[in-house]
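Trainee: I would like the atomic coordinates for the input below:
(one chain, ligands or ions: 1)
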Amino acid sequence: MSKIIDASDQAIRDFGKSTSVFNHDFASSGLFTDEKLAELIERYPREYYMINTMTAQGDKPEWRSGEINNVSGDKVLQALTEGRIWLALRRFDVVCPEYDDLVHQAFSEMEGLQPGLKTFKHNSSMLISSPGARVLYHADIPYVCLFHVRGRKKLWLYDADNKEHLPDQTLEGVILRETEEEVAYKEAWDKDASEIVLEPGTALSWQLNAPHRVDNLDGLNVSITTDYFTPFAQKKYGVYYTNGIMRRKLGMSPKSTDANGLGAMAKCAAALAIKKSKIVKVKERTMVSTFTLDPENIGQIIDLPESQRTEIVQM
Ligand SMILES: [Fe+2]
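Mentor: Sure, this is the predicted structure:
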């Protein structure tokens, strides 16, 4: 059965390039019920999930990482429903191929619909988040397609080519993984953003590296988010990676961010060589647990004292 159920000609044409909104039918797989999600949460190894909490919508942005703390799958779902928590179950390829199959089918249908479209390095996660949760302003390294399944959320999308919203140096930092992909944000930029409300069954993909932020509107929110690359995304990655190294390690101020032409090809080759040789050490961010779910008061969290905070290792 088809996973993409309704996509306009424009949505098909824009997929893998700019904003593309269409409808999907992941829910009919039966894999998104409370029971299935609780089972999935229970079988997730520590190195493949992230659990976060954040300040309320409208408050000063703050994002913190934590631990599930042996709370059972159904209780984690209850905490997600009642608290202000965001859970990402990463790496479907390793942990849950049955969910990855849905994504692969949708992508192969989209490639069938748009001749010439070539996507690769798909990497999917399940996002389960509280009715009042939000995701702070950030930019992702690859293209992203969000397959929204339950609840409602609102997404603000900003132009990736606006150097005020996303300075080159900031995007380089994201690509070099110096930051947790969160970048400086000003409320005044919202007037330039596109606002999109995601209802269950909506899929959305957008311009490469376009900054965005999300406020959940109501209900327990469940989506699959899929990172993917195209040949253009790979070239832009190489250019920004090498520009970032030139700026940080060689004291240069690279001006060209063009992903085409000979200069770009040289930068892509350099990025590959630098990554392979491991000669240049880039200072990557570390993530630390600052809270755990409270097993006694579901929906609440326990702040960890400094002495009990541990580094989070993700594979
Ligand atoms: Fe994102």
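Trainee: and residue 21, which of the three is it?
Mentor: Each residue gets one of three states, and residue 21 gets strand by DSSP: H, G, I helix; E, B strand; the rest coil.
Trainee: that one and residue 206 touch, don't they?
Mentor: No: the pair residue 21 / residue 206 is not scored as a contact, 9.4 Å apart, by C-beta atoms under 8 Å. All C-beta spots, glycine's among them, are computed from the backbone N, C-alpha and C.
Trainee: looking at those two now, which is surrounded by more residues?
Mentor: For residue 21 and residue 206, the more surrounded residue by other C-beta atoms under 10 Å is residue 206, and the numbers stand at 26 against 17.
Trainee: burial measure for the residue nearest to residue 166 when sequence neighbours are not counted, as a count.
Mentor: Distance criterion C-beta to C-beta, 6 or more residues apart in numbering; nearest residue to residue 166, sequence neighbours excluded, is residue 211 at 5.3 Å. As a burial measure, residue 211 scores 28 neighbours (other C-beta under 10 Å).
Trainee: could I get the lowest-mean-pLDDT helix or strand in the chain in CSV with only the CA atoms?
Mentor: Every helix and strand of the chain was ranked by mean pLDDT, DSSP states H and E. The lowest is helix 262-277, at a mean of 80. Extracted in CSV, the C-alpha atoms of helix 262-277 (Å, rounded to 0.1, in the frame of the first residue of the first chain):
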residue,chain,number,x,y,z
LEU,A,262,35.8,24.0,-9.2
GLY,A,263,36.4,25.8,-5.9
ALA,A,264,33.5,23.8,-4.3
MET,A,265,34.9,20.6,-5.7
ALA,A,266,38.3,21.3,-4.1
LYS,A,267,36.7,22.1,-0.8
CYS,A,268,34.6,18.9,-0.9
ALA,A,269,37.8,16.9,-1.6
ALA,A,270,39.5,18.7,1.3
ALA,A,271,36.7,18.0,3.7
LEU,A,272,36.9,14.3,2.9
ALA,A,273,40.6,14.3,3.3
ILE,A,274,40.5,16.2,6.6
LYS,A,275,37.8,14.0,8.0
LYS,A,276,39.7,10.8,7.0
SER,A,277,43.1,11.9,8.2
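Trainee: stretch 196-216: end-to-end distance?
Mentor: Counting by C-alpha to C-alpha, to the nearest Å, you get 12 Å between the two ends of stretch 196-216.
Trainee: swap in stretch 3-10?
Mentor: End-to-end distance of stretch 3-10 (C-alpha to C-alpha): 18 Å.
Trainee: list the buried residues in it.
Mentor: Within stretch 3-10, the residues scored as buried using 16 or more other C-beta atoms under 10 Å are 3-4, 7.
Trainee: chain center to the longest strand seen in the chain, what's the gap?
Mentor: In the chain, with assignment by DSSP state E, the single longest strand is strand 212-229. Centroid separation between strand 212-229 and its chain, computed with C-alpha atoms, centre = their mean, to the nearest Å, is 8 Å.
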